[in-house]
Every structure is written in structure tokens, then in C-alpha cells.
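> A structural model of the following input is requested.
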Amino acid sequence: MIRTTRTLVAAGLLLLAGVTLAGDGQRQPGLNPAAAAELREVGLDRYVGQAQVIFENDIGNGWTQHTFEPAGGAGPLCIAGTPYSVYTRIRNPKKVMIFLQGGGACWQDFYFCNVLAEAQAPDTVSEFTGVFGDSFEDGPRTIKNPLRNWSIVYLPYCDGSVFNGDNDVFDPAFGQAIGVPEAVVRFHRGLRNATAGIDMAKSMFPGAKRVLLAASSAGGVGAVGMAPFLTRLAFGNRVDLRVFNDAGPVAVNVFDVQAVLQRAADWQFGQFYPPSCLGCDPLGQGGTALIDWRLSNDSGIREAFYSTDGDGTNRFFLRVPTQADYRGLLLSEHGALNAAHPDRYKRFIRSGDARHIALQDDQYYLNRADDTRLVDWMGAFLRARGNAGPWQDIVEDFVPLPAP
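Next up is the predicted model:
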């Protein structure tokens with residue numbers, strides 16, 4: 001009787017600590033309680049539950065716009081101070097894709113980012129394609145999207161800080177650059193906006209069993225930054241959580257010193273790096289180090305990375321001059337992640353191609369690497385369990401870009 005009582009007390013303490021027990025007495029796969037506590041200690045959850053929706057609008061084809069209260073400037077905002085909205089489409093409530101859109105980046109004297117949430121509203125007029133569509137007609141064949149029955153929470157990108165920033169910067173030059181002289185402050189509200197969107201997902205789909213955090217470009221950087229932790233904290237360890245990064249490079253060109261320094265200073269994302277992540281340096285390769293830390297501390301998560309090795313957009317933002325240089329950066333940083341976590345971190349890297357994102361257009365269905373279609377690789381990723389199965393790490397041999 002004493003042993004039984006102690007066992008029940010121990011199990012209760014574990015549950016209070018955020019740990020669930022599997023039937024064999026083993027800890028439920030997911031984020032370990034020490035890591036969760038560390039993230040809370042650095043304030044990653046500081047905006048959870050704070051955003052309030054003040055306006056909802058049916059925009060057609062099953063999509064609803066949800067606009068958040070700016071709260072006198074303290075709430076979710078776009079970079080120029082305009083309100084922030086997310087969009088939802090309800091299908092299977094047990095399967096939810098949270099999608100983070102891309103759209104450049106902004107820091108001091110570098111202004112190449114989307115500034116309005118409404119500029120990235122879902123297109124409800126044209127036929128949906130990519131991960132938002134049901135299928136694709138490829139000649140006589142119909143290719144079905146493995147995500148066709150998933151519900152979607154879609155987060156536009158307008159914070160300029162890849163969904164990771166939490167800082168306001170006085171910068172009259174920014175307003176002049178975007179043609180809005182009164183916009184003298186850059187509101188880098190990435191963490192607030194991401195938290196609002198993930199809170200929306202949790203409130204609308206509280207019984208979700210599977211959550212896919214997918215994203216493109218700048219959104220991809222956010223989707224492998226703080227967003228997976230926010231999603232895990234919101235939905236808990238019982239949810240099957242997966243991350244798909246479409247062309248978010250994460251790795252940085254550390255030789256572009258001024259840009260690295262300015263992003264770290266303007267966005268202030270380093271404040272959310274957990275202290276035990278020894279490689280999480282905001283002036284170095286902190287992004288890939290954070291992924292490694294997450295995979296080491298969340299035993300239930302799987303992450304996928306897509307890129308071309310000649311991506312012209314990312315080479316522009318990172319100031320990487322050649323295809324060979326960019327390929328070397330990808331293989332070095334993302335290769336180390338695959339080597340450390342071969343069953344839960346895999347790559348799909350196409351060579352000889354300078355195109356950027358793939359999840360939001362026909363390339364999702366047509367792109368191949370070593371004769372595997374990206375859409376099929378997505379399906380294998382969603383089905384992957386354990387260390388076996390059809391989900392493979394694919395890196396094509398080097399093929400030079402076509403001559404300009």
C-alpha cells in the first residue's frame with residue numbers, strides 16, 4: 001500500500017510538472033519539463049493569452065479574417081503600427097496546419113519587408129494551389145495534396161523580424177523608405193504576432209491531435225525559431241508536432257558583420273535563447289543551434305527543411321555571392337543537424353536551381369530531388385514514425401546554375 005501511494009504521488013508530481021506518462025511508465029514524448037521551465041524563465045510565453053480579437057470577417061471560400069486589438073500600441077502590430085490579422089479555414093479539427101507567411105526582412109537602413117497583414121490575405125478568387133489546394137492536375141494525372149483535409153491557421157508576415165523579434169526602434173528613415181513619413185517607429189512584434197496566431201489555433205482547435213507548423217522564407221525562419229516552442233506550450237506533449245521549413249535559410253553569413261549586428265540589436269531575439277543552449281549566439285549560428293537544442297529537448301518533434309542550393313532571394317538577403325558558397329553554408333549547418341538527429345531532421349535540397357519557395361505554388365507538386373517529388377516527400381514526412389519508412393534525407397549532387 002505504501003509503495004502504491006508513493007507511486008501515485010510521484011505520478012501526480014510529474015503531471016503537475018507538465019509531464020505525461022505513457023502506458024509502460026515511460027515519459028510521453030515531447031518537450032521535457034526542464035526545457036519548458038527554461039523557456040518560461042526567459043519570457044517566451046510573456047504574450048500568451050493577451051491578444052484580443054476585435055473584428056472577424058468572412059472573406060469567402062471558407063476563410064475568416066481575425067483582426068486583433070492593437071491595445072493602444074501594446075498588442076500585435078505590423079511593423080508600421082497597423083493592426084495585425086490572421087486567417088483561418090476549418091476542415092478536420094484534429095489536424096491543424098499553422099502556416100507562417102514570408103516577406104523579406106527589415107533592419108536599420110535595410111528595408112525589404114512586407115508591411116501590411118492585409119497585403120498577404122489568402123487569395124479567395126483564384127484556385128488554391130500548393131499546400132492550400134486539394135490537388136493538382138499534371139496532364140492526365142491528379143496529384144492529391146496530403147494536407148487537403150487539414151484545417152489552416154494562416155499568419156501573414158508583417159513584423160520585419162521573421163516572427164522572432166520583440167523590440168520597437170525609432171527610425172524616421174523607415175517611414176521615408178516605405179512612403180509613410182509618419183511611420184517613425186519600427187514595431188518588430190514578431191513574437192507577439194506569432195503568439196496571437198498560435199493562441200488562435202489553440203482556441204479554435206483545442207482537440208487537435210496533429211499540428212504541422214509550416215512556413216515559407218522569412219516565415220520559415222520563424223517556424224524553426226520560437227514558434228515551435230510556443231506551439232508545444234500551447235498544445236502540450238500529447239500533440240504530434242511537426243515543422244516544415246520552406247526556404248528559410250536559418251544559417252547566416254557571419255562575415256556580413258554589420259547586418260548580423262544590426263538584426264540582433266533591432267530585433268532583440270537573443271533574449272529568448274535558453275541559457276543552456278550554449279551555441280545560441282545571436283551574433284553567430286544561433287538559429288541552427290536552437291534547432292539542435294529543441295530536437296535534443298523535445299523527443300516528439302520532427303523537422304523538415306526544403307531549399308534549392310542556388311536560391312537567389314536568400315543569397316541576396318544574406319549577401320552570399322555564389323551558388324557554391326550558399327550550398328556550402330546549407331550543407332554545413334543543416335548537415336550537422338541531420339547528422340545529430342538523423343531520424344527527426346531531414347533535408348530536401350535541389351541543385352542547379354535558383355528559385356526560392358515551393359510550398360505555395362505548382363512547384364510543391366512538380367519539384368523533384370533525386371526523382372522524388374516534393375509533395376510525396378511531404379506525405380512521407382507526415383507519415384514518418386520511428387527510424388524507418390519512406391521519409392528520406394535527400395541532397396542532390398552539385399549541378400551548376402544555368403548561365404545567365
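
> What sits closest to residue 323 if chain neighbours are left out?
residue 310 (4.2 Å; CB to CB, 6 or more residues apart in numbering). Yep, even glycine has a C-beta here, placed from its N, CA and C like the rest.

> doesn't the one you found fall inside a strand?
No: Residue 310: not assigned to a strand; according to DSSP: H, G, I helix; E, B strand; the rest coil it is coil.

> all helices in the stretch 251-400 of the chain, in order from the N-terminus.
257-267, 286-297, 312-318, 323-340, 363-366, 374-383 (DSSP state H, counting those that start in this stretch).

> May I see the buried residues of the last one?
In other words, helix 374-383. 374, 375, 377, 378, 379, 380, 381, 382 (16 or more other CB atoms under 10 Å).

> ok, the closest residue to the fifth one other than its chain neighbours to residue 57 distance?
With sequence-adjacent residues excluded and distances taken as CB to CB, 6+ apart, residue 379 is closest to residue 146, at 4.0 Å. Distance, residue 146 to residue 57, using CB to CB, to the nearest Å: 30 Å.

> Just the pLDDT at the residue nearest to residue 379, thanks.
Listed pLDDT for residue 146 reads 98.

> next one: residue 8
pLDDT, residue 8: 29.

> try residue 129
pLDDT at residue 129 comes out at 88.

> close enough to count as contact, it and residue 358?
No: between residue 129 and residue 358 there is no contact under CB atoms under 8 Å: 11.2 Å.

> Which one of those two is surrounded by more residues?
Set side by side, residue 129 and residue 358 show more neighbours around residue 358, with 25 against 19, by other CB atoms under 10 Å.

> On the pLDDT front, check the more buried one for me.
So residue 358 comes in at 97 (pLDDT).

> who's in contact with it?
By CB atoms under 8 Å, 6 or more residues apart in numbering, the residues touching residue 358 are 130, 246, 247, 306, 364, 367, 374.

> what do you get if the cut-off is 7 Å, keeping everything else the same?
246, 306, 364, 367, 374 (CB atoms under 7 Å, 6 or more residues apart in numbering).

> what's the answer for residue 158, then?
With CB under 7 Å, 6+ apart, residue 158 has these contacts: 78, 79, 84, 114, 115, 116, 117.

> Name the nearest of the residues you listed relative to residue 50.
residue 84 (12.7 Å; CB to CB).

> what's around the closest residue to the closest one other than its chain neighbours, how many residues?
Closest residue to residue 84 apart from its sequence neighbours, by CB to CB, 6+ apart: residue 76 at 3.9 Å. When counting by other CB under 10 Å, one arrives at 30 neighbours for residue 76.

> what's the distance between residue 76 and residue 197?
8 Å.

> do the same with residue 355
27 Å.

> Mind checking which of the two has more residues around it?
residue 197 (30 against 16).

> which ones are touching the nearest residue to the more buried one once chain neighbours are set aside?
The shortest distance from residue 197 to any non-neighbouring residue, by CB to CB, 6+ apart, is to residue 155 (4.1 Å). By CB under 7 Å, 6+ apart, the contact set of residue 155 is 86, 99, 100, 101, 193, 194, 197.

> Residue 155 bridge partners, please.
residue 100 (DSSP bridges).

> Residue 231 is in contact with residue 198, correct?
Yes: using CB atoms under 7 Å, residue 198 is in contact with residue 231, at 5.5 Å.

> Mutual contacts of the two, please.
With CB under 7 Å, 6+ apart, residue 198 and residue 231 have common neighbours residue 98.

> and residue 198, what element?
Residue 198 belongs to helix 190-204 when assigned by DSSP states H and E.

> What residues sit buried inside that helix?
190-202, 204.

> Could you tell me how many residues sit around the closest residue to residue 251 other than its chain neighbours?
Sequence neighbours aside, residue 333 is the residue nearest to residue 251 in space, at 3.8 Å (criterion: CB to CB, 6+ apart). Per other CB under 10 Å, the neighbour tally for residue 333 reads 20.

> contacting residues around residue 333?
250, 251, 285, 288.

> shouldn't the second one be in contact with residue 329?
Yes: in this structure residue 251 lies within contact range of residue 329 using CB under 7 Å: 5.1 Å.

> thinking again about what came up before, return the subset of the contacts of residue 158 lying in strands.
Counted as lying in strands by DSSP state E, out of the contacts of residue 158, is not a single one.

> who wins for most neighbours among the residues you listed?
residue 79 (28 neighbours).

> Skip the chain neighbours and tell me the closest residue to that one.
Using CB to CB, 6+ apart and skipping the chain neighbours, the partner closest in space to residue 79 is residue 160 (4.3 Å).

> can you check residue 62 too?
residue 89 (4.8 Å).

> Now do that neighbour against residue 287, distance only.
For residue 89, the distance to residue 287 - CB to CB - is 30 Å.

> of the two, who's got more company?
Ranked by neighbour count (other CB under 10 Å), residue 89 and residue 287 place residue 287 first, with 24 against 18.

> What residues does the more buried one make contact with?
So residue 287 contacts 221, 225, 250, 251, 252 (CB under 7 Å, 6+ apart).

> Those, buried ones only, as a PyMOL selection?
Restricted to buried positions by 16+ other CB under 10 Å, the PyMOL selection for these reads:
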select buried, resi 221+225+250+251+252
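
> quick check, nearest of the contacts of residue 287 to residue 390?
residue 250 (25.3 Å).

> Against residue 260, how distant is the closest residue to that closest one other than its chain neighbours?
Distances taken as CB to CB, 6+ apart put residue 287 closest to residue 250, at 4.1 Å, once the chain neighbours are dropped. Distance of residue 287 to residue 260, given as CB to CB: 11 Å.

> Perfect, that will be all.
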